[in-house]
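Sharing a sequence plus its predicted fold:
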Amino acid sequence: MRVRSGWFVILGGLGLLVVAGACGPGGDPGPDPDCSSDAACDDGNPCTDDVCDAESGCQHAPNQAACSDGDSCTSADRCLAGACVGQPLDADGDGAADERCGGLDCDDRDPLTHPGAQEICEDGLDQDCDGQDEACPCPDADGDGSQHMSCGGDDCDDRRADVHPGLSEGPDLTSCRDGLDNDCDGLYDAQEADCAAAGDAYVGAGGLQDDGLRNYLLGLVDNHDGLGYDTAREVMFSQVDNHAGRVECVYTGQWVTTSGIPPNDIMNTEHTWAQSWGADFNPAKSDLHHLFPTMSGANSVRGNMEFGVVLDAYWSQGGSLAGDDARGWNVFEPRDAHKGDAARAIFYFALRYDFDVGDTMEATLRAWHVLDPPDQKEQMRCDAIEGYQHNRNPFIDRVGFVDRISNF
């Protein structure tokens, strides 16, 4: 009982006892203008603001403070009309409550997963919470009118419009010497009756796959004539990549006028397979099939980063990017004109020196290999390097060889 102001008298056998305190109307305690402090008015309810008022005593005003109702199936609990009230649990903020608490959201950690969300087919997830991961419709990704074999179609390569049943393979050299099964009949290049084997440097590849093809190609590229690092750089800057006295940076597109090795603070030598990955010994260090001219700044930015698709860039120049990929890892993304060149250089190095590319980077490089196929400039560069090293990059000569090796 809180004692309020007023007086009443108790008669005792020993005399008169006067006690402070009186009851208001109906027996309830009346106002207490002498309450000592706000703390003395605390009623234990977090949803009221307790104030001691000199005139009217303790006042308990409802507030809207954050609170906890003790229910694991509610969130964003707030005080309302003096009571703690929680909202249905929606941890990911997608507007759908967690199914564990009576809602319909089958994954309350992912805002892209809830009833009505767009389903992504065959990704192992149930984005729309209907209890299944929908199968993808049979695609025709390359738009050549043929659907892929994986879903009942007859297109053996749905990334390339020049590969599908009904195409003629041969006698033109383009289709006879690309390493692809252009007409999807299971035969490659010189195996086709219309493709002449004479003059085909890769006639022995036939229909080889994986280790069989790898071993065959290694026999062609192994034991090349190593130039030594200084000579290789001189050849690259003065001959292989020199065009009328100018050399282009493969990452930025900038040109430098030079007749030999330029100053290191202007232009440098890019090891596509980074030296710290294993290209720090000869002949790997001086193998021109993976060396390219780059501006010193771009060369320094790339360093020994893996190649990948940049989603959040902290550096960009000439179309090349450096930054974080989808995993949050620092990666380097060359401009589009060099993506395929870099991919084929990496595949060559992995084959020639027996290194592992790594699954994530390999998947990206395979996509770049298709996106940016060899052009005349890349073919001419390969020809020039052969004149010095006496070996070639087979993945420039036959783009289909990459597809026929399942793991680099």
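Noted; the coordinates are in hand.

Verify the stated contact: residue 287 with residue 393.
No: the criterion here is Cβ atoms under 8 Å, and residue 287 misses it with residue 393 at 9.9 Å. Every residue, glycine included, has its C-beta placed from N, CA and C.

what's the overlap in contacts for those two?
With contacts taken as Cβ atoms under 8 Å, 6 or more residues apart in numbering, residue 287 and residue 393 have no neighbour in common.

helix or strand right after the longest helix belonging to the chain?
Longest among the helix segments of the chain by residue count, using DSSP state H, is helix 336-353. Sequence-wise, the next helix or strand beyond helix 336-353 is helix 359-371, with elements assigned using DSSP states H and E.

Give me the mean pLDDT for that following helix.
The pLDDT scores in helix 359-371 average 96.

chain center to it, what's the gap?
If you compare the mean C-alpha spot of helix 359-371 with that of the full chain, they lie 13 Å apart, counting by Cα atoms, centre = their mean, to the nearest Å.

what comes up buried for it?
Neighbour counts over helix 359-371 (16 or more other Cβ atoms under 10 Å) mark 360, 361, 362, 364, 365, 366, 368, 369, 370 as buried.

how many degrees apart are it and helix 336-353 in direction?
For the pair helix 359-371 and helix 336-353, the angle between their directions (axes from the mean of the first three to the mean of the last three Cα atoms, to 10 degrees) equals 120 degrees.

Show me what helix 359-371 is packed against.
When contacts are defined as 3 or more Cβ pairs under 8 Å, 6 or more residues apart in numbering; DSSP states H and E, helix 359-371 packs onto strand 306-307, helix 336-353.

Identify the residue nearest the residue most central in space within the chain in space, chain neighbours excluded?
Here the mean C-alpha position of the chain is nearest to the C-alpha of residue 326 (Cα atoms, centre = their mean), at a distance of 2.1 Å. Once its chain neighbours are removed from consideration, residue 326 has its nearest residue in residue 311; the separation is 5.9 Å (Cβ to Cβ, 6 or more residues apart in numbering).

how many neighbours does residue 194 have?
Neighbour count for residue 194, taken as other Cβ atoms under 10 Å: 12.

Now for residue 157: which residues touch it?
Taking Cβ under 8 Å, 6+ apart as the contact definition, residue 157 lies against 142, 163, 164, 180, 181, 184, 403.

any weak-confidence spans in this protein?
Counting by pLDDT under 70, the chain shows low-confidence ranges at 1-34, 198.

domains in it, as residue ranges please.
For the chain, the domain assignment from automatic domain parsing gives the residue ranges 1-30, 150-207, 217-403.

Nearest to residue 109 among those domains would be which one?
With Cβ to Cβ, the closest approach to residue 109 among those belongs to domain 217-403: 17.6 Å.

Ends of that closest one, what's the gap?
End-to-end distance of domain 217-403: 14 Å, with Cα to Cα, to the nearest Å as the criterion.

One more: stretch 346-362?
9 Å.

ok, which stretches of the stretch 101-250 of the chain are strands?
Along the stretch 101-250 of the chain, counting by DSSP state E, counting those that start in this stretch, strands occupy 242-243, 246-248.

And the ones you listed: which comes nearest residue 386?
Distances from residue 386 to each of the strands of the stretch 101-250 of the chain were compared using Cβ to Cβ; the shortest belongs to strand 242-243, at 16.9 Å.

which secondary structure elements does the closest one contact?
The helices and strands touching strand 242-243, judged by 3+ Cβ pairs under 8 Å, 6+ apart, number zero.

Same list (the strands of the stretch 101-250 of the chain) but as a markdown table, adding distance to residue 62 and mean neighbour count.
Below are those laid out as a markdown table (distance: least, Cβ to Cβ, whole Å; neighbours: other Cβ atoms under 10 Å):
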| stretch | distance to residue 62 | mean neighbour count |
| --- | --- | --- |
| strand 242-243 | 80 | 14 |
| strand 246-248 | 73 | 19 |
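
To residue 299, which of the ones you listed lies closest?
In this view, those are compared for proximity to residue 299 by Cβ to Cβ, and strand 246-248 is the closest at 13.3 Å.

So what touches the helix or strand encompassing residue 270?
Element membership of residue 270 [criterion: DSSP H and E] is strand 267-271. Contacts made with strand 267-271 from outside it, assessed by Cβ under 8 Å, 6+ apart, are listed as 233, 236-237, 247, 249-251, 256, 258, 279, 285, 290-296, 299, 302.

swap in stretch 306-315?
Contacts of stretch 306-315 from elsewhere in the structure, counted by Cβ under 8 Å, 6+ apart, are 301, 321-326, 329, 331-334, 342-343, 346, 358, 360-361, 364-365, 368.
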